[in-house]
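Colleague: Fold the stuff below for me.
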Amino acid sequence: MENERQMTIREMCDAYDVTPRTLRFYEAKELLFPIREGQKRLFTRRDRARLKLILRGKRFGFSLEEIRQLLDLYDMGDQQHTQLVKTYEIAQERLAEMESRRDELNAAIDDLKQQMDWGAQMIASFEDDKTAAE
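Modeller: From the prediction side, this is the model:
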């Protein structure tokens, strides 16, 4: 089955838009466990699933340590119940943080727009004064 085959580091990089350095880093952090054949690394279907979760977790602001702990919960033998509960709890925290940052950013954008409107009015009044003086 094509999905079951192992992938080389180059194939992983191409498939997931990551660098070889990134994959080696995740391996060093014990997030991925490729099969080693000499210098060659072969990534299994499990490594690919883990990489997808790592990349998604990073996108959502999870720390690598949080991601590692969540991935480690997969093998608890409770059909991933503990993993899902813990992931949901962390996701709730991240969502609240992201929404707070978004609200702060929206307020800063509104403030900047007001300042720019004021600046545009000031520039226009200087130009009107300059034109009237000529």
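Colleague: switch to C-alpha atoms for all contacts and neighbour counts from now on
Modeller: Will do.
Colleague: how close does the residue nearest the centre of the chain sit to Ile9?
Modeller: Averaging the C-alpha coordinates of the chain gives a centre point, and the residue nearest to it by C-alpha atoms, centre = their mean is Arg59 (1.4 Å). The span separating Arg59 from Ile9 equals 22 Å under the rule C-alpha to C-alpha, to the nearest Å.
Colleague: cool, and Ala28?
Modeller: Distance, Ala28 to Ile9, by C-alpha to C-alpha: 14 Å.
Colleague: And those two? Which one has more around it.
Modeller: When Ala28 is set against Ile9 and neighbours are counted by other C-alpha atoms under 10 Å, the residue ahead is Ile9, at 20 against 11.
Colleague: Distance-wise, check the more buried one relative to Ser125.
Modeller: When distance is defined by C-alpha to C-alpha, Ile9 is 62 Å away from Ser125.
Colleague: again, but for Ala15
Modeller: Going from Ala15 to Ser125 by C-alpha to C-alpha gives 56 Å.
Colleague: Please apply the same query to Gly38.
Modeller: In this structure, Gly38 and Ser125 are 73 Å apart, going by C-alpha to C-alpha.
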